[in-house]
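# Take this sequence and fold it.
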Amino acid sequence: MIKKLVIVFVTLIAYQIHGQEGTASPYSFYGLGNQKFKGTVENRSMGGISVFIDSIHVNLRNPASYATKNLQAFNGESRPVKFAIGGSHNSIKLKTDSSSEEASSTTFDYIALAIPMGRFGFGFGLLPNTSVGYKLESLNNDGDIQNRFRGEGGVNKVFLGLGYRLADGLSIGVDAHYNFGNIQNSIVEYQYDNGVPIIYQSRESNRSDLSGLNLNFGVSYKRMVTNKLELSATATYSPESTITSKNNRSIETISTSTTGQEYVNDSDEIDLESLGQAETELILPSIFTVGLGVGAPRKWFVGAEYLFQNTSNLRRPISSSMPPNGPTHKDATTISVGGFFIPDYRSLNNYFKRTVYRAGFRYEDTGLNINSEAIKEFGISFGVGLPLSGGISSANVGFEVGKRGTTNNNLIQENFINLQLSLSLGDRWFQKRKYN
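Purely as a prediction, here's the structure:
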């Protein structure tokens with residue numbers, strides 16, 4: 001089955017390169033956009049933890065996971081080739097002190113394949129890194145629109161990873177990421193004649209085409225500490241790197257329809273080369289995570305994870321204008337706690353006893369400060385893993401409810417509900433056949 005599904009990988013790369021609007025958040029204006037969760041539905045349903053690693057699920061956050069040990073539940077059989085694909089739907093309520101508005105987005109989240117080769121394991125895949133999608137307006141003293149900001153796009157990444165099992169329970173790995181994408185933003189400055197907007201307005205449009213490489217290193221350690229309990233510990237580190245931004249800017253004369261649609265009547269390209277802005281370097285911040293967990297294999301697990309991201313020197317792609325209450329960045333942190341429970345994975349007559357039940361929560365300081373307000377995020381998640389035939393594949397459903405931001409100091413609070421769906425498929429490509 002997986003061999004036939006690999007062609008989907010090529011199709012989705014083409015779709016992702018073409019682009020999708022992966023968010024409807026005003027906070028995606030800042031930096032390179034909103035950070036996307038870079039894990040599977042299984043991880044996200046447990047508060048985002050990735051400390052749990054096994055032989056039948058792809059772990060996108062730690063390349064050491066590619067070199068897990070063989071399937072103990074199947075008499076030491078070689079671990080399977082693993083294929084994972086997932087997407088999500090996000091419903092958001094944007095709220096200020098005086099008004100509210102609703103928005104939604106549906107996105108492809110990841111596709112990945114992990115292939116075992118003895119003590120080694122290989123992985124590759126595609127997933128979004130950041131996402132931009134906003135429409136912001138500022139008003140003048142008369143309550144009319146003064147500026148309108150729009151933005152869309154984001155950064156995606158293709159990764160190729162290698163894991164190696166040093167000893168029983170101890171694995172290391174490294175991922176190489178190629179980041180690519182584009183971010184487009186514009187600002188319209190409205191002019192009025194006796195309180196009536198003039199027919200033709202001026203718009204500045206910017207486009208940044210982004211590309212660059214970075215690495216992610218990982219280590220995973222598992223050990224039985226009693227006859228029934230297994231301890232898990234993980235760590236990952238992604239060093240700071242740069243991403244190249246090739247920039248274009250134009251000043252346009254536009255007319256606007258009654259529905260807000262903007263039509264270009266004339267356009268002049270700005271010579272960014274003479275300004276030293278045609279090509280700039282942006283920083284991808286370093287990321288460090290450490291996790292610890294304990295559980296009974298194939299029964300239950302609970303773990304916690306801490307993430308530190310050096311976002312204090314993050315900068316935005318090319319744009320000459322900023323909305324009111326310009327931002328500052330400090331280092332970002334996330335604390336995640338979660339786990340799962342399986343009533344009886346061997347049950348033959350009760351499907352729901354073989355189902356995996358997951359739950360967790362996370363608290364994140366995004367590192368973004370606007371008008372002296374720290375933008376923080378909190379989410380509670382839960383989900384299920386529905387077994388498919390063969391015992392090494394599942395369909396996964398996850399939910400997350402949470403909020404981002406605040407209504408203090410004229411800011412926007414986002415209340416969100418996420419629905420995530422995925423397939424996690426295992427296939428025995430390299431199973432040795434036995435003959436009597």
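# Residue 102: what secondary structure?
Assigned with DSSP: H, G, I helix; E, B strand; the rest coil, residue 102 falls in the strand class.
# and the closest residue to it other than its chain neighbours, how many neighbours does it have?
Leaving aside its sequence neighbours, residue 102 sits nearest to residue 93 (C-beta to C-beta, 6 or more residues apart in numbering; 5.3 Å). In this view, the C-beta of every residue, glycine as well, is placed from N, C-alpha and C. By other C-beta atoms under 10 Å, the residues close to residue 93 number 15.
# Spell out the secondary structure type for residue 93.
Following three-state DSSP, the label given to residue 93 is strand.
# what's across from it in the sheet?
With DSSP bridges as the criterion, residue 93 is bridged to residue 102, residue 415.
# what stretches of this protein score poorly on pLDDT?
1-22, 70-78, 315-326, 428-436 (pLDDT under 70).
# repeat that with 80
1-24, 69-79, 138-144, 194-196, 257-260, 313-327, 389-391, 428-436 (pLDDT under 80).
# Mind naming the longest strand for it?
strand 200-224 (DSSP state E).
# after that one, next one along is what?
The element immediately downstream of strand 200-224 (helix or strand, assigned by DSSP states H and E) is strand 230-238.
# Restrict that next one to CA atoms and write it as CSV.
C-alpha atoms of strand 230-238 as CSV (Å, rounded to 0.1, in the frame of the first residue of the first chain):
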residue,chain,number,x,y,z
GLU,A,230,10.1,2.1,30.7
LEU,A,231,11.9,5.5,31.0
SER,A,232,12.2,7.7,27.8
ALA,A,233,14.4,10.7,27.4
THR,A,234,15.0,12.8,24.2
ALA,A,235,16.7,15.9,23.2
THR,A,236,17.0,17.9,19.9
TYR,A,237,19.0,20.8,18.8
SER,A,238,18.7,22.9,15.6
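# List the buried residues for the helix or strand following it?
Downstream of strand 230-238, the next assigned helix or strand under DSSP H and E is strand 241-256. Across strand 241-256, burial judged by 16 or more other C-beta atoms under 10 Å covers 241, 243, 245, 247-249, 252, 254, 256.
# in its sheet, what does strand 241-256 sit against?
According to DSSP bridges, strand 241-256 forms sheet pairs with strand 200-224 (antiparallel), strand 262-269 (antiparallel), strand 279-284 (antiparallel).
# May I see these organised as CSV, with mean neighbour count and distance to residue 68 added?
Below are the strands paired with strand 241-256 laid out as CSV (neighbours: other C-beta atoms under 10 Å; distance: least, C-beta to C-beta, whole Å):
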stretch, mean neighbour count, distance to residue 68
strand 200-224, 19, 8
strand 262-269, 11, 52
strand 279-284, 17, 28
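# surely residue 411 meets residue 405?
Yes: using C-beta atoms under 8 Å, residue 411 is in contact with residue 405, at 5.9 Å.
# what sits in contact with each of the two?
Common contacts of residue 411 and residue 405, defined by C-beta atoms under 8 Å, 6 or more residues apart in numbering, comprise residue 375.
# With neighbour numbers in mind, choose between those two.
Taking neighbours as other C-beta under 10 Å, residue 411 and residue 405 compare with residue 405 leading, 23 against 18.
# Pull the number of nearby residues for the nearest residue to that one once chain neighbours are set aside.
Distances taken as C-beta to C-beta, 6+ apart put residue 413 closest to residue 405, at 4.8 Å, once the chain neighbours are dropped. For residue 413, the count of nearby residues is 17 (other C-beta under 10 Å).
# which residues does residue 413 contact?
Neighbours of residue 413 in contact, by C-beta under 8 Å, 6+ apart: 94-96, 403-407.
# one more time with 6 Å
The contact partners of residue 413, by C-beta atoms under 6 Å, 6 or more residues apart in numbering, come to 95, 405-407.
# Which one of those residues is nearest to residue 129?
Nearest to residue 129, judged by C-beta to C-beta, of the contacts of residue 413 is residue 405 at 21.1 Å.
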